[in-house]
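[1] Here's a sequence, model it:
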Amino acid sequence: MEERIPALKIFFAFLRLGLTAFGGPAMVAYIRDLVVKRYRWVREESFREGVALVQSIPGATAMQAAAYAGLRAGGARGALAAYVGFSLPAFFLMVFLSMAYQRAHGLPHVMALFRGLQIIVVAMVANATVGFGKKTILSWKDLVLVVASASFLVARGSPVLAIIASGLAGLVLFRQEFANPGGMDNASHDPGNNSLKDLMRFAFLCAFVVMLGVSALFFINRSFFHLAIMMLKIDLFAFGGGYASLPLMFHEVVEARHLMDAKSLMDGIALGQVTPGPIVITAAFVGFLLYGFVGAVIGAVSIFTPSFLVLLLVVPYFDRLKRSSWFKMAMRGILSSFVGLLLAVTIRFGAAAQWSWVAAVLCVGAFIALRLKVDILWVVLVGGALSALML
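    As a prediction, the model looks like this:
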């Protein structure tokens, strides 16, 4: 069992790591190096179990891995310290970039830059679709759910409904692939240095504070309240990592609520790739453009909170949950739906971008570079520079 580490020490360790947290899910390896090799706060086997867990629940993979490492090192308070420390650099840099964007995006060279970055975003989402699809589509049944989900979103259906329907369909379609439906063993996951009672108490306390804050927003400012509810819902259904939030965010921000157009959201996604941290930090961009700094805070806190609470609540029961055939069937259906939703967003983003032969070459080049595992930060920076010069 790992020795309990003070929350403040965990916070500063992850704050430093968060300053260079480029690469999204690739940051999991750096988190491992920090807590397993450098400080030896977490055992290798325990960290591997955590990686399996965070890939099975909502939220950005790297953020959840940081929270899990903090939980194993310092209990529930350690989880919160790691989560906050890891996300703060991305938040403040996104606020700064959002301010710059708001003041300068109408200038000719800046407009050319963002026209190119929108093309890069199309390549990024297409790459995520292909990568996610290669791991997820294992049979014609998966493909059926992919096509159905993509068609539903292109027809402006709700992605939340697509996710729920695909999860239920998975219980039927994949029944033969998994023996003993509903079977669960009696093992339970040791939550580490925190007792189960303390962990549950802390999780419910956090949930109560969030509910209290959201309720206060209802009376203080209804616009703030609706922003918080929207981001909470996006994160709660974003299974499969940060990119899984994009179809949900696109639907809620652009289609359902008409808070901004697709091009502006694509600009925010592009800025999210030149900041450290997960792509869901785009929520701070959306919040800032709508309601200034307060909106950025509400957007960021809301997009990170549900998945953090889910992590705290699920950790003690993960061993039993991951052996449940019902869980496996539903998750396979849900993950298949996200391939379809990402495909639909690729199509919608492609339709919103401004195309020329130069833009097409830039898109293909960015896609190939991403498939070759070139760091996404370099793809965005080089693509942006070429855009400013050629578009």
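[2] after the host helix or strand of Phe92, next one along is what?
    If you go by DSSP states H and E, Phe92 is part of helix 61-104. Proceeding N to C from helix 61-104, the next assigned helix or strand is helix 108-136, under DSSP H and E.
[3] just how off-centre is the helix or strand immediately after that following helix in the chain within its chain?
    For helix 108-136, the succeeding helix or strand toward the C-terminus, using DSSP H and E, is helix 140-154. Computed by Cα atoms, centre = their mean, to the nearest Å, the separation of helix 140-154 from the middle of its chain amounts to 21 Å.
[4] And for stretch 325-336?
    19 Å.
[5] go on, stretch 234-251?
    Distance, stretch centre to chain centre, for stretch 234-251: 6 Å (Cα atoms, centre = their mean).
[6] Start and end of that stretch, how far apart?
    10 Å (Cα to Cα, to the nearest Å).
[7] now that stretch: mean pLDDT?
    Stretch 234-251 shows a mean pLDDT of 88.
[8] Same check on stretch 196-214?
    When pLDDT is averaged along stretch 196-214, the result is 88.
[9] same question, stretch 92-100
    This predicted structure assigns stretch 92-100 an average pLDDT of 92.
[10] Next: stretch 334-341.
    88.
[11] send the alpha carbons of that stretch over as CSV?
    Output of stretch 334-341 as CSV, limited to C-alpha atoms (Å, rounded to 0.1, in the frame of the first residue of the first chain):
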residue,chain,number,x,y,z
ILE,A,334,-21.2,3.3,-26.6
LEU,A,335,-17.6,3.3,-28.0
SER,A,336,-18.9,2.3,-31.4
SER,A,337,-21.3,5.2,-31.3
PHE,A,338,-18.4,7.6,-30.6
VAL,A,339,-16.7,6.6,-33.8
GLY,A,340,-19.9,7.5,-35.7
LEU,A,341,-20.2,10.7,-33.9
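[12] could we number from 45 for the rest of this?
    Will do, 45 is the new start, and the previous item becomes stretch 378-385.
[13] Quick one: residues in contact with that stretch.
    Contacts to stretch 378-385, defined as Cβ atoms under 8 Å, 6 or more residues apart in numbering, come from residues 173, 176-177, 180-181, 186, 189-197, 203, 206-207, 209-211, 214, 283-284, 288, 291-292. Yep, even glycine has a C-beta here, placed from its N, CA and C like the rest.
[14] Give the helix, strand or coil label for Arg200.
    coil (DSSP: H, G, I helix; E, B strand; the rest coil).
[15] related to what we said a few turns ago, are there helices or strands packed against the helix holding Phe136, and which ones?
    Judged by 3 or more Cβ pairs under 8 Å, 6 or more residues apart in numbering; DSSP states H and E, the packing partners of helix 105-148 are helix 51-62, helix 71-76, helix 88-98, helix 240-264, helix 306-317, helix 326-358.
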